[in-house]
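> I'll drop the sequence and a predicted model, then ask my questions.
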Amino acid sequence: MSEFTDWDILRNLLLAARWTVALSLIAFAGGTLVGLSLTFMQISGRAVLVRITRLYIELFQGTPLLMQLFLVFFGISLFGIDVSPWTAAALALTLFSSAYLTEIWRGCIESIPRGQWEASRCLGLSYFEIMRHIILPQALRVAVPPTVGFSVQIVKGTALASIIGFVELTKAGTMLNNATFEPFKVFGFVALIYFLLCYPLSVASRMLERKLHATG
Amino acid sequence: MPLVSIDNVHKYYGDNHVLKGIDLRIDAGEVVSIIGRSGSGKSTLLRCINGLETYSEGGIIVDQLEVKDDDRQIRKLSKSVGMVFQHFNLFPHLTVGQNITLAPKLVRKLSTEEAAETAREVLRKVGLQDKFDSYPGELSGGQQQRVAIARSLAMKPKVLLCDEITSALDPELVGEVLRVLETLAADGMTLILVTHEMNFARDIGDRVIFMHQGKVWETGEAKAVFANPQTPELQTFINAVL
């Protein structure tokens, strides 16, 4: 089985890593969209909406991502709808990341001091004007570093999609290991590629935190 | 007709009866200082006047508008009542100019040029015309508070509520803020101040209201109240702070 050179292994892993990146981007974009809607539901102050969001967050934060993947992948096919691993992974990761992003963003919005609301209200601004001009621009600043930081969790979370048969970086590693029987080398490469994807995000998160703090 | 009339206002925080039937009339152009210990209800009363706090009973009318917890009414009131806070509450992500022009543009529907013109005018009044493009974080506490006053003035209010506006300032910065208030008073602005600056209350104020245990305990012409307090509670308070 020595027809695989190191370069072959690395090349195949890098090709598969494209799918890790693609899945991460989709999960992040989907999570942002759903998360934004949920965040606005949470801060609307309407009891029903707040409770629905709370339940959603508890549900997705209180169960393993792997179970969520299984439920989406096997659950939806029970209704006679055929779900590809790709769709199931994208959907499950979207749901998962939206729950966490909502918590992060709600915290950022609530971190804006009460005095900002009071001053705006005394000046006659409406709820939406206060949100649009005063609260959200400030909350956005606070939100960028933890959001970028959370994207690292999404990248690593995509590894679980390998279990439902989606061929991304981890799955490719498993397959290459089965062909080469060189687990240390193969998974070493796999880990290295994850690290190269995640490390810049961590650094960016920390840099943004410092930068946004300094000008805040 | 008084500019501000407060009729038998009560407020409760749960079981805590914080305002116990307040009656007050304040005329246009008056400078009224509300003094009293912390917990006497003075800040709460002030915050009821522009609807930041709701009250449980009674009625408040400012500039012929009833103060009630209703977004549209609060927006209307904002054109008659301005407020300045202890901690300035400037918008840190906006420049001084943007801080001042935002509400006039959104609420009073001024054009960008008109709002900027107004902003320059009020900044001149507080002596900070050169800070139009600065951010609040670049200013001293005293300057920030003067910007906050300017921001309120840009809405052209008939009465300005000041909630302990010098309490968070370093002692050497208090003077510049009080001088701005003095100018406003001289210009005929109606001022209602919750304050610990007793000298200011006595020398600039027309009237002093001493609050105690949620009631207007004693009130009168400023100099007379300090010179000749009628109740032992005010006597004790004045001895403690002067």
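Nice, I can see it. Numbers count the residues shown, from 1 in each chain, chains lettered A, B, ... in the order given.

> Let's test this: mean pLDDT of stretch B:89-109, rounded?
Stretch B:89-109 comes out with an average pLDDT of 96.

> can you point me to the longest helix in chain B?
Criterion DSSP state H: the longest helix present in chain B is helix B:171-186.

> so how far is that helix from its chain's centroid?
In terms of Cα atoms, centre = their mean, to the nearest Å, the centre of helix B:171-186 is set 13 Å apart from its chain centre.

> gap between residue B:228 and residue B:34?
Per Cβ to Cβ, to the nearest Å, residue B:228 is found 19 Å from residue B:34. Where you see a C-beta, it was placed from the backbone N, CA and C, and this is true even at glycine.

> Tell me who's in contact with the nearest residue to residue B:166 once chain neighbours are set aside.
Leaving out its chain neighbours, the residue that sits closest to residue B:166 by Cβ to Cβ, 6 or more residues apart in numbering or on different chains is residue B:174, at 4.5 Å. Applying Cβ atoms under 8 Å, 6 or more residues apart in numbering or on different chains to residue B:174 gives the contacts B:142, B:166, B:197.

> Run a quick neighbour tally on the residue in chain B that chain A sits nearest to.
Of all residues in chain B, the one sitting closest to chain A is residue B:78 (2.8 Å; Cβ to the nearest Cβ). Other residues lying near residue B:78 total 24 when counted by other Cβ atoms under 10 Å in any protein chain shown.

> Now the residue lying closest to it once chain neighbours are set aside: phi and psi?
Closest residue to residue B:78 apart from its sequence neighbours, by Cβ to Cβ, 6+ apart: residue A:124 at 2.8 Å. Backbone torsions of residue A:124, given as degrees, to the nearest 10, read phi 90, psi 10.

> With residue B:16 instead?
phi -80, psi 110.

> In chain A, mark out all the helices, start to finish.
Under DSSP H, chain A gives helices at A:6-43, A:47-61, A:65-70, A:76-78, A:85-110, A:114-122, A:127-129, A:136-157, A:169-180, A:183-215.

> Please read the previous query as pertaining to chain B.
Using DSSP H, helices in chain B cover B:42-49, B:71-77, B:96-106, B:112-125, B:141-153, B:171-186, B:198-203, B:222-227, B:232-241.

> By mean pLDDT, point me to the weakest helix or strand of chain A.
Across the helices and strands of chain A, mean pLDDT, DSSP states H and E gives its lowest value to helix A:76-78, namely a mean of 86.

> Provide the contact partners of it at residue level.
A:83, A:88.

> can you do 10 Å?
The contact list for helix A:76-78 (Cβ atoms under 10 Å, 6 or more residues apart in numbering or on different chains) reads A:71, A:82-83, A:87-88, A:91.

> Can you check those residues and name whichever has the most neighbours?
residue A:88 (24 neighbours).

> That residue and residue A:164 touch, don't they?
Yes: Residue A:88 lies in contact with residue A:164 (Cβ atoms under 10 Å); the separation is 6.0 Å.

> between these two, what contacts are shared?
A:69-70, A:72-74.

> Would you check how far apart the closest residue to residue B:183 other than its chain neighbours and residue B:119 are?
Closest residue to residue B:183 apart from its sequence neighbours, by Cβ to Cβ, 6+ apart: residue B:125 at 7.0 Å. Distance, residue B:125 to residue B:119, using Cβ to Cβ: 11 Å.

> Between the two, tell me which one has more neighbours.
Between residue B:125 and residue B:119, counted using other Cβ under 10 Å, the more crowded position is residue B:119 (25 against 18).

> Tell me who's in contact with the more buried one.
Residue B:119 touches B:96-102, B:104, B:110, B:129, B:132, B:150-151, B:153-154, counting by Cβ under 10 Å, 6+ apart.

> How about residue A:137?
By Cβ under 10 Å, 6+ apart, the neighbours of residue A:137 are A:112, A:131, B:91, B:93-94.

> Contact residues of chain A facing chain B?
Residues of chain A lying close to chain B by Cβ under 10 Å from any Cβ of the partner chain are A:112-127, A:129-130, A:132-135, A:137-138, A:140-141, A:215-216.

> ok, 6 Å please
Residues of chain A lying near chain B by Cβ under 6 Å from any Cβ of the partner chain: A:115, A:118-119, A:122-124, A:129, A:134, A:137-138.

> which among these end up buried?
Buried residues within the residues of chain A next to chain B, counting neighbours by 16 or more other Cβ atoms under 10 Å in any protein chain shown: A:118-119, A:122-124, A:129, A:134, A:138.

> Between all of those, which two are at the greatest distance?
A:124 and A:138 (19.5 Å; Cβ to Cβ).

> For chain B, which residue occupies the most central location?
residue B:161 (1.6 Å; Cα atoms, centre = their mean).

> For that residue, which non-adjacent residue is spatially closest?
The shortest distance from residue B:161 to any non-neighbouring residue, by Cβ to Cβ, 6+ apart, is to residue B:83 (4.4 Å).

> same question, residue A:88
Per Cβ to Cβ, 6+ apart, closest to residue A:88 is residue A:73, 3.9 Å.
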